[in-house]
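J.: here is a sequence with its predicted model. Questions after.
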Amino acid sequence: LEKPGAPTVEELGRMKDDAAAKGATIWMGFNKNVTKYVTKGREALAKVPGGDFTLVHHNAYKADELAECFERNAEGMLKNMA
């Protein structure tokens, strides 16, 4: 997915539930996916069978603020970064 992932928090939640019910994994676009530390991490991960690579953010958004964030960034990551 590309941020914000869905027009509303509720729709994003439904997509998460649908994916879980089908055993699917959803990946959210991350604008630092080409930085050196991510590239090196992915290269190291390729050498570890069954390994996992997790990126964690420290944004200060609270759950009740997410709907506004999704609305404000509704155009998506690629257009937002252009």
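T.: Right, received. Where do you want to start? Numbers count the residues shown, from 1 in each chain.
J.: counting contacts, what elements does the helix or strand harbouring D18 pack onto?
T.: Under the criterion of DSSP states H and E, D18 resides in helix 9-22. Where contact means 3 or more C-beta pairs under 8 Å, 6 or more residues apart in numbering; DSSP states H and E, helix 9-22 is packed against helix 66-72. Heads up, the C-betas are built off the backbone N, CA and C, glycines and all.
J.: need the contact partners of the helix it packs on.
T.: 4-9, 12, 61 (C-beta atoms under 8 Å, 6 or more residues apart in numbering).
J.: distance check, the residue lying farthest from the centre of the chain against D64.
T.: Going by C-alpha atoms, centre = their mean, the residue of the chain most distant from its centre is K47, 23.6 Å out. Here the distance between K47 and D64 works out to 42 Å (C-beta to C-beta, to the nearest Å).
J.: could you do L12 as well?
T.: When distance is defined by C-beta to C-beta, L12 is 15 Å away from D64.
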